[in-house]
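Q: Have a look at this fold, sequence not included:
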């Protein structure tokens, strides 16, 4: 015979050893890190989203995933009826709702925030009140020579 018989080592056939257990620690640690860094926060966010959707009622102002802002008129089992303008309604799936807006935010967006209007009015008045300076080459030379 040209091929010799191969015999198994008696030490390897004993089965479980402490060396094999220590090689599993890094893998177990990796699974624990993945759970705490990815899975747990995602479940928490999903639970908050479900609580928000289940707490919807008429009069709530919401934002959809498509960027539509509206006021809830009626809540059904899987859908929500939104008023997006004075006589315009829209039916949206509940899972398309991204967030609830604070009460009165739609009116503030439509009619403008009084605080922002005052600031924008002041900004418009300031440039017109200040005299406009023109850059003339002879003026620039005189101001640079004075010491």
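A: Received it, and whenever you're ready, just let me know what you need. Keep in mind that what you see is a predicted model, and the values were worked out from it rather than measured.
Q: what ranges of the chain fall below the confidence cut-off?
A: The model of the chain has pLDDT under 70 over residues 1, 8-19, 113-147.
Q: Do you have the helices of it handy? List them.
A: 18-22, 25-34, 40-54, 105-111, 114-129, 137-145 (DSSP state H).
Q: And the second one, what's buried?
A: Going back to what we said before, that points to helix 25-34. Using 16 or more other CB atoms under 10 Å as the test for burial, helix 25-34 gives no buried residues. C-beta: built from backbone N, CA, C; applies to glycine.
Q: orientation of that helix relative to helix 40-54 in degrees?
A: Counting by axes from the mean of the first three to the mean of the last three CA atoms, to 10 degrees, helix 25-34 lies at 20 degrees to helix 40-54.
Q: For helix 25-34, which helices and strands make contact with it?
A: Judged by 3 or more CB pairs under 8 Å, 6 or more residues apart in numbering; DSSP states H and E, helix 25-34 has no packing partners among the helices and strands.
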